[in-house]
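Asks: need a structure here:
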Amino acid sequence: MTTQAERNAAVLSTEHLMSDLGRRAARGGLIAVGAQPLRMVLQFIATAIMARLLAPEDFGLVAMATAVTGFVAIFSNMGLASATVQKAEIDQDTVSGLFFMNLGVGLVLVPIASLAAPLAAWFFKDPRVTGLIIAMSLTLPLAAAAAQHTALMMRSMRWMTLQWTGLAGHAAGALAGILVAWKTDLGYWSLVATAWVANIVTLTLIWITCRWRPTLVKDWSGARTSLNFGLNLTGFSVVNFFHRQLDNIIIGWRSGAVELGFYTRAYQLMMLPITMFNGPLSSAVEPSLSRLQNEPERWRRAFLDALGLTVFLGAGMAAGLIATAEPLITLLYGPNWTKSATIFLWLAISMFAGVPMNCTGWIYISLGRSRRMLAWSLIFTPVVAAAFLIGMSRGAVGIAMAYAIVMNLALVPGYAFATRNAPVSLWDCLKVILPMSGAGALAAAAGAALPVHGAPILVRLVLPALAAGGVYVVLSGLVIARVQAFGAVRQRILGAATAVLGRLRSR
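Replies: Now for the predicted structure:
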């Protein structure tokens, strides 16, 4: 029978991964992307049900509270989970030290968020926000207690475990929220129940499946070194929070909970495909690139391969969402949410740049450049803020329009900044991004141009989706076949086709 020390050492070791790192990374990406349709269907169903059980105001109130708790939550992580994944070598004292730092900060932040709650209620002119912030802040220690275990599973490339534990927690939270909204008159508190149950179930499953346990720390030097990396990453997260939440803050302050409810439902729907691809792929790509940080050419090939897959999936999804914006919102949320359709259309346009822009984080984190990541956020976030201030005169639609314009204009300078002195160049990245994004834009225009106004809702949904999808398949196929940057993708497609034909012949 193994001791706990032996189990800890087995979890921390990654030497066994190096012999077939590429295969493991590809497998992780496939598992992550394969799990996302389940997550997306679950999110669609839960959102559609909750939108019919609750009012737009309920979602707006929770968005106001999240503007505070989301900001505070940045400090509970402190970038220490990413530090665990990124480091080439790590030991028990380092991970234990980071675990206790995470947990201690998570506990301290609860009273800090509670003290900020009355101020937020005054700012948003709604006293209900106070109780929501206090209740939602109590999930912070739960997330902090799971951070290092999750990071260790990412570092060890335990892709299947990461996916099913996340799905189980998500499903449990959604079910709890639906039951509370359906069986009670608690309204927006059902959304709090969703967060609470999801965090508790996820934490329990992660501790069961990851056998590492913290011990008393004898040497804090490794944890302190990781803290320096984490503090820069936290600085980026703090600045990036205002980039992500400033739109909610401005709309909530200027227009109130109802307008914010329309905006947040559209924004959440837009984020689903981004979360579907970038989030899971990041969990596979970042550990793989981190293991290759001392092998520049292998790192470059792995990065461009992952970027190509992400842009291919993201541009295709953006095309479909743009072409079907109005009927999709109506079908999912109901006829009372039609105002979200125009907001959603502009947010979907931002995906052409937003999806590949998220991939710059792979460069910064895997190469240990969290300080440069912070510097970019300090440059970019004021630009976004200025655009929001200009667009706010047109309400939530103006904010969404400003976001789409700024994100697309920032693509080239964002990659120029990220790739400086990196193993990959700006031109390497643009040769992957621009052709596929162009194919997606043309496909979106083809789907949106169909004259289906006045037709039944399913016709308005299916025909533009088919048109956009058909055009995208043809154009993206031409890009993959003719653009040199997609050579690795071509080889994989040919390899998969050859394998399938071989199996058919053997039968």
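Asks: from what I can see Pro214 touches Phe99, true?
Replies: Yes. With contact defined as CB atoms under 8 Å, Pro214 reaches Phe99; the gap is 4.5 Å. For every residue, glycine as well, the C-beta is placed using N, CA and C.
Asks: okay, and the common contacts of those two?
Replies: Gln148 (CB atoms under 8 Å, 6 or more residues apart in numbering).
Asks: Among these two, which residue is more densely surrounded?
Replies: Phe99 (26 against 18; other CB atoms under 10 Å).
Asks: Show the contacting residues for the more buried one.
Replies: 147-148, 214.
Asks: Specify which member of the residues you listed is nearest to Leu466.
Replies: Ala147 (42.8 Å; CB to CB).
Asks: For that closest one, which residues are in contact?
Replies: 76-77, 80-81, 99, 102.
Asks: I'd like the distance from it to Gly477, if you could.
Replies: Here the distance between Ala147 and Gly477 works out to 41 Å (CB to CB, to the nearest Å).
Asks: Repeat that for Gly166.
Replies: Gly166 is 32 Å from Gly477, by CB to CB.
Asks: Mind checking which of those two has more residues around it?
Replies: Ranked by neighbour count (other CB under 10 Å), Gly166 and Gly477 place Gly166 first, with 21 against 12.
Asks: Go ahead and confirm the more buried one touches Asn199.
Replies: No. Gly166 lies out of contact with Asn199 (CB under 8 Å); the separation is 11.5 Å.
Asks: which SSE is Val41 in?
Replies: Using DSSP states H and E, Val41 sits in helix 21-53.
Asks: now the helix or strand following that helix: mean pLDDT?
Replies: Next helix or strand after helix 21-53 toward the C-terminus (DSSP H and E): helix 56-77. The average pLDDT within helix 56-77 is 82.
Asks: contacts for the helix or strand just after helix 56-77?
Replies: Toward the C-terminal end, the helix or strand that comes next after helix 56-77 (DSSP H and E) is helix 80-86. With CB under 8 Å, 6+ apart as the test, helix 80-86 has contacts from 90, 94-95, 98, 101-102, 147-148, 150-152, 154-155, 226-227, 229-230, 233, 286-287, 290, 365-366, 368, 370.
Asks: Of those residues, which belong to strands?
Replies: Taking DSSP state E, every one of these sits outside strands.
Asks: Which stretches in the stretch 251-400 of the chain count as helices?
Replies: Assigned by DSSP state H, counting those that start in this stretch, the helices in the stretch 251-400 of the chain fall at 257-291, 296-323, 325-333, 339-349, 351-358, 360-366, 370-391, 395-409.
Asks: Nearest to Gly177, out of those?
Replies: Nearest to Gly177, of the helices of the stretch 251-400 of the chain and by CB to CB, is helix 257-291 at 13.8 Å.
Asks: in the closest one, what's buried?
Replies: 257, 259-274, 276-278, 280-291 (16 or more other CB atoms under 10 Å).
Asks: Hey, what's the angle from that helix to helix 296-323? Just curious.
Replies: Angle of helix 257-291 versus helix 296-323, following axes from the mean of the first three to the mean of the last three CA atoms, to 10 degrees, is 160 degrees.
Asks: so Tyr364 makes contact with Phe417?
Replies: No. Using CB under 8 Å, Tyr364 is not in contact with Phe417; the gap is 9.9 Å.
Asks: Quick one: neighbours of Thr419, just the number.
Replies: With other CB under 10 Å as criterion, Thr419 counts 19.
Asks: what do you get for Gln245?
Replies: Quick note: Gln245 (other CB under 10 Å) scores 17 neighbours.
Asks: do Pro56 as well
Replies: 22.
Asks: so what's it up against?
Replies: 257-258, 261-262, 265, 336-337 are the contacts of Pro56 under CB under 8 Å, 6+ apart.
Asks: switch the cut-off to 6 Å
Replies: Taking CB atoms under 6 Å, 6 or more residues apart in numbering, we find Pro56 in contact with 258, 261-262.
Asks: Likewise for Gly222?
Replies: Contacts of Gly222 (CB under 6 Å, 6+ apart): 93-94.
Asks: Name the helix or strand for it, please.
Replies: Short version: Gly222 belongs to helix 221-255, going by DSSP H and E.
Asks: Report the buried residues of that helix.
Replies: For helix 221-255, by 16+ other CB under 10 Å, it's 222-223, 226-227, 229-237, 239-252, 255.
Asks: And for stretch 152-169?
Replies: Across stretch 152-169, burial judged by 16+ other CB under 10 Å covers 152-159, 161-163, 165-167, 169.
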